[in-house]
Each structure stands twice: as structure tokens, then as C-alpha cells.
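>>> sequence and predicted structure, then a few things I'm wondering about:
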Amino acid sequence: MFLPPKRSLAVLAVPLVSLSAAPAAATAVPQTAAVQEAVHAAVPAAVPAAVPAAAYAAPRLATLVDVRAAHQPGLDRVVFEFRGPLPARRSARYVPRLIADGSGRTVPVAGDAILELHFGGATGHDTHGHSTYGPSRETFALPAVIQVVNAGDFEAELTFGIGLSRKSSYRVYTLTRPNRVVVDIKTPYRTVPVRTYFLDSRAYAAGRRTYTAAVSRPVVPPSTARGALQRLFAGPTQAEYAKGLRFVASGATGVRSVVIRDRVAHVRLTGSLRGGGSTFTVADEITPTLKRLPGIRWVKIYDADGRTERPRGHSDSIPESLEP
């Protein structure tokens with residue numbers, strides 16, 4: 001609590017007015033205006049001491065300026081770099097789903113496990129509402145880290161979800177110069193490379209076949225087919241996006257199941273599938289991605305209701321909703 005400094009007794013002393021000229025019988029001595037003015041002038045008014053403007057200034061916020069991730073021996077490392085101070089509060093936990101701050105809606109994140117990061121006293125936007133760190137959703141081609149997704153940036157509270165290929169132990173710590181919050185996620189498992197196929201938008205625009213381009217992704221065996229589609233639905237990395245690669249979802253929101261029987265992969269999708277009259281759909285990405293895997297020769301794709309045009313036999317098949 002701020003206390004004003006004590007004033008000197010000399011300053012507070014009130015000069016006495018002489019009453020020797022007053023009649024002895026007088027019971028009250030009226031003060032002249034001049035005397036009253038002198039008394040009032042001698043007693044200074046109580047004025048609160050000045051409080052420095054800094055005492056009322058809002059605390060400085062940590063401003064997120066970069067999110068990056070890379071693989072190190074035995075772990076994947078995600079770094080959140082801040083300008084200004086470090087976030088005043090930091091927490092991390094595994095959650096069954098990522099919830100958007102404020103709205104309470106589920107934020108989609110690719111991965112079998114979601115690690116939620118919360119930063120208090122931090123922001124990720126400037127005074128115009130523009131992001132200070134880059135895209136709100138970013139894909140990484142790492143053994144553990146699949147995606148880093150923003151789930152909230154409101155009233156100095158910043159939330160992210162890290163989509164992982166599987167749940168693993170982790171450690172959160174800080175570094176300075178520059179200020180960073182670092183998340184190390186252990187990768188004590190083996191991965192194998194698979195090829196996922198995205199639309200090459202430049203080739204498609206120019207009418208050059210083929211319209212797909214393959215990129216490498218690490219997946220955890222033995223569920224290589226499911227892992228390959230999980231990476232496909234996460235979309236291209238920023239570097240791949242810059243080269244014109246795109247993920248065409250055709251209304252699909254994810255993969256409910258992948259079953260392989262007699263060299264046929266049966267893929268059931270979620271969401272409202274629609275071809276929209278396009279000659280290129282999500283089926284043109286799923287089919288070559290799975291046919292590159294050992295033991296798969298045909299691919300049958302089903303909509304959310306389990307429908308496909310040719311459910312039986314050795315043949316490829318798509319649901320009617322994906323037809324042009």
C-alpha cells in the first residue's frame with residue numbers, strides 16, 4: 001500500500017491569533033475576514049501524494065512471435081518464442097479433445113493424442129488483430145508431432161494443441177535470450193517412411209498429369225495404413241504448401257476406420273462427402289497413398305453411412321457422392 005510522506009509539525013502548526021484586545025466579558029470572539037483568511041492560508045489542504053503513472057500501467061504481455069518444431073535424438077522439440085517477458089503462467093496436459101476458448105467448440109487436430117498448452121499473460125496478435133507468429137494451424141513431418149493448432153487467443157490467454165502420433169512422456173521448460181517455452185516429447189518407438197499424395201495445384205492448373213505429388217512421412221508400425229491417412233488429412237507442411245501442394249478434403253473430416261482384407265483396403269470416412277463436380281477429389285489422394293503400402297492392391301472408399309459403389313470384389317470403389 002502506498003502511504004504519503006509524513007509532513008513536518010512545523011508545517012502543520014497553526015498561528016494563534018491574539019485576543020488581548022477583546023473585552024473581558026466577551027464569550028465569543030468573532031473573527032474578521034482577514035483573520036479567517038490568515039488561518040486558512042496557514043493550514044494547507046490535504047492533497048494526496050502523486051502516484052507514478054507506472055503504478056497504473058498494465059503489466060507487459062508476452063507476445064508470441066514464432067512456433068517451430070524439429071526432431072532431436074530421442075525426442076521431438078516444439079518451441080514457442082516470445083517477445084517481451086515469458087508468459088506469467090504456463091501449463092500442459094493431455095486432453096481427449098481440443099476445445100476452443102470461449103466458444104467451447106471442438107477444434108480438429110490430427111493425431112492419436114493431443115497435448116494442450118496454455119499460456120497466461122500472453123497474446124498472439126497485434127493491435128489490429130493480426131497474428132504475430134504465423135498460421136494458426138501448422139503441420140510437421142516428425143515422428144511424434146503431426147500438427148500444432150491454435151485454440152484460443154483472448155484476454156491475454158493463449159491456448160495451443162499439439163497433435164501427436166501417440167501419447168508419450170514430455171517435459172516443459174523455459175529458455176531466455178530470446179524468451180522461449182520449450183516442449184520436449186519423447187519418441188521411444190520406431191517409425192517407417194510412407195509416401196502420401198497431395199494435389200499439385202500448379203500441375204492441375206496447367207492441365208499437366210499427373211495431378212498429385214508424393215511427400216515422405218514417418219508413421220508408427222504396424223498401423224501404417226491408418227498412420228499414412230492420418231498424415232494425409234493433416235495436410236502439407238508450410239514448405240510443401242509454398243510449392244503448391246494442397247490437401248483436397250471433398251467434405252471429409254477424417255478417417256473412421258481402415259480395414260485390410262484380401263489385399264483390399266476398406267476406408268470409411270467421416271463428414272459430408274461431395275465431389276462438387278470436380279475431376280479431382282479426396283479419393284485421388286487416398287488411393288495412391290494406400291496402394292504404395294505392402295499388401296494393398298485395391299482401395300474401396302465409403303462415406304459416413306458406409307456406402308460405396310462397388311463394395312464387393314477386387315476393384316477400386318468410391319461413394320456416389322464423390323462422382324463428378
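Structure's in. What do you need? Numbering: from 1, shown residues only.

>>> give me the nearest residue to the most centrally placed residue in the chain, chain neighbours excluded.
Closest to where the C-alpha atoms of the chain average out (CA atoms, centre = their mean) is residue 150, at 1.9 Å. Nearest non-adjacent residue to residue 150, counting by CB to CB, 6 or more residues apart in numbering: residue 136, 4.0 Å away. For glycine as for every other residue, the C-beta is placed from the backbone atoms N, C-alpha and C.

>>> what's the answer for residue 256, then?
residue 268 is the one closest to residue 256 (CB to CB, 6+ apart), at 4.5 Å.

>>> packing partners for the helix or strand that contains that neighbour?
When elements are defined using DSSP states H and E, residue 268 is found to belong to strand 264-271. Strand 264-271 sits against strand 252-261, helix 283-291, strand 298-302, with contacts defined as 3 or more CB pairs under 8 Å, 6 or more residues apart in numbering; DSSP states H and E.

>>> and stretch 85-102, which residues are buried?
Buried residues in stretch 85-102, defined by neighbour count with 16 or more other CB atoms under 10 Å: 86, 87, 90, 98, 99, 101.

>>> let's have these in a markdown table, adding secondary structure and pLDDT.
Rendered in a markdown table, the data for those read as follows (DSSP: H, G, I helix; E, B strand; the rest coil; pLDDT from 0 to 100):
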| residue | secondary structure | pLDDT |
| --- | --- | --- |
| 86 | coil | 98 |
| 87 | coil | 98 |
| 90 | strand | 97 |
| 98 | strand | 97 |
| 99 | strand | 96 |
| 101 | coil | 88 |
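
>>> which of those residues sit farthest apart?
Farthest-apart pair in the buried residues of stretch 85-102 is 86 and 99; separation 24.6 Å (CB to CB).

>>> mind showing which ranges of the protein have poor pLDDT?
1-59 (pLDDT under 70).

>>> try 90
1-60, 101-104, 209, 324 (pLDDT under 90).

>>> about what we covered before: quick check, nearest of the buried residues of stretch 85-102 to residue 193?
residue 98 (27.6 Å).

>>> on that earlier part again, isn't the residue nearest to the centre of the chain up against residue 134?
No. Using CB atoms under 8 Å, residue 150 makes no contact with residue 134, being 9.9 Å away.

>>> separation between the residue nearest to residue 150 and residue 158?
11 Å (CB to CB, to the nearest Å).

>>> what do these two both touch?
By CB atoms under 8 Å, 6 or more residues apart in numbering, residue 136 and residue 158 have these common neighbours: residue 150.

>>> the more surrounded of these two?
The residue with more neighbours, out of residue 136 and residue 158, is residue 158; 27 against 15, by other CB atoms under 10 Å.

>>> surely the more buried one and residue 64 touch.
Yes. Assessed by CB under 8 Å, residue 158 is found in contact with residue 64 at 6.4 Å.

>>> which neighbours do the two share?
Taking CB under 8 Å, 6+ apart as the contact rule, residue 158 and residue 64 both touch 119, 122, 123, 124.

>>> you'd agree the last one is up against residue 66?
No. Using CB under 8 Å, residue 124 is not in contact with residue 66, being 10.6 Å away.

>>> list the contacts of residue 71.
77, 142, 143, 187.

>>> what backbone torsions are found at the first one?
Think residue 77. Backbone torsions of residue 77, given as degrees, to the nearest 10, read phi -120, psi 130.

>>> dig out what it forms beta bridges with.
With DSSP bridges applied, residue 77 shows beta-bridge pairing to residue 70, residue 184.

>>> measure how buried it is and give me the count.
17.

>>> is residue 230 part of a helix or strand, or is it coil?
For residue 230, the assignment made with DSSP: H, G, I helix; E, B strand; the rest coil gives helix.

>>> distance of it from residue 124?
For residue 230 relative to residue 124 (CB to CB), the value is 26 Å.

>>> for residue 322, state which of the buried residues of stretch 85-102 is nearest.
Nearest to residue 322 among the buried residues of stretch 85-102, with distances taken as CB to CB, is residue 98, at 28.4 Å.

>>> was I right to think the closest one contacts residue 152?
No. Residue 98 is not in contact with residue 152 according to CB under 8 Å; the separation is 9.6 Å.

>>> so can I have a markdown table of the shared contacts of residue 158 and residue 64 showing distance to residue 287 and neighbour count?
Shown next, in a markdown table, are the shared contacts of residue 158 and residue 64 (distance: CB to CB, whole Å; neighbours: other CB atoms under 10 Å):
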| residue | distance to residue 287 | neighbour count |
| --- | --- | --- |
| 119 | 41 | 26 |
| 122 | 43 | 25 |
| 123 | 43 | 21 |
| 124 | 38 | 25 |
